[in-house]
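Colleague: Next come a sequence and a model predicted from it.
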Amino acid sequence: MTATAPVTTAPVTTAPAAAPATARALGLAHYAARGVLEHVLARHGVTFPQQIALRAAVTADTAQTPDDLVAQVQHSLKADPADIRATLDELLTRQLLVTDGAHLLPTEAGRELLAATGADTAPVSARIWGGIPAEDLAAAGRVLALVTERADAELATLRA
């Protein structure tokens, strides 16, 4: 009788051939992941900028003014403040945000929409990120944080 190797049910992830990270590789990964997210968001009738702005309002520790939300979204998306204000207006029109004095607050419908998109995105994210060794994710996280910091500094210099 011949011994056989045990069958494993955990996904085996084989890393692509080692290649240095580049701006192009980072961009391709970003747009691939964003494409998946935008597909899910479209099923709910929400755009990527709307989701980012709504998430900023929902996850804030305190009520946010429109200027607060514009600043947060601009930091995330590097978008034009006028475009972000238009996005906030769209969320107000759809009653996903509501004005309360000087603040914009998420409505129950806004919270439900964010929860629904998160629930729809979770299994896809698990398939994309699953099986990547923790040490690889930690290294990638450090590199991405450094790239973000440097790019933000360069952008600030360009805008000055």
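Modeller: That came through fine. Numbering: from 1, shown residues only.
Colleague: what bits of this structure have low per-residue confidence?
Modeller: 1-18 (pLDDT under 70).
Colleague: And the helices in it?
Modeller: For the chain, helices defined by DSSP state H occupy the ranges 23-43, 48-59, 66-77, 81-93, 108-129, 134-159.
Colleague: out of those, nearest to Ala102?
Modeller: Nearest to Ala102, of all these, is helix 66-77, at 8.3 Å by Cβ to Cβ. (C-beta placed from N, C-alpha, C; glycine too.)
Colleague: Count the neighbours of Ala119 for me.
Modeller: Using other Cβ atoms under 10 Å, Ala119 has 10 neighbouring residues.
Colleague: same check, this time on Gln51
Modeller: 22.
Colleague: list the contacts for it?
Modeller: By Cβ atoms under 8 Å, 6 or more residues apart in numbering, Gln51 lies in contact with 37, 41, 114, 117.
Colleague: if I look at Val58, how far off is Val70?
Modeller: 16 Å (Cβ to Cβ, to the nearest Å).
Colleague: out of these two, which sits in the busier spot?
Modeller: Val70 (22 against 17).
Colleague: Now do the same contact list for the more buried one.
Modeller: 81, 84-85, 88.
Colleague: ok, Ala21 touching Leu146?
Modeller: No: with contact defined as Cβ atoms under 8 Å, Ala21 and Leu146 do not form a contacting pair (10.7 Å).
Colleague: higher neighbour count, these two?
Modeller: Ala21 (13 against 10).
Colleague: Number of residues surrounding the closest residue in space to that one that isn't next to it in sequence?
Modeller: Nearest residue to Ala21, sequence neighbours excluded (Cβ to Cβ, 6 or more residues apart in numbering): Val143, at 6.2 Å. Val143 has 12 neighbours, counted by other Cβ under 10 Å.
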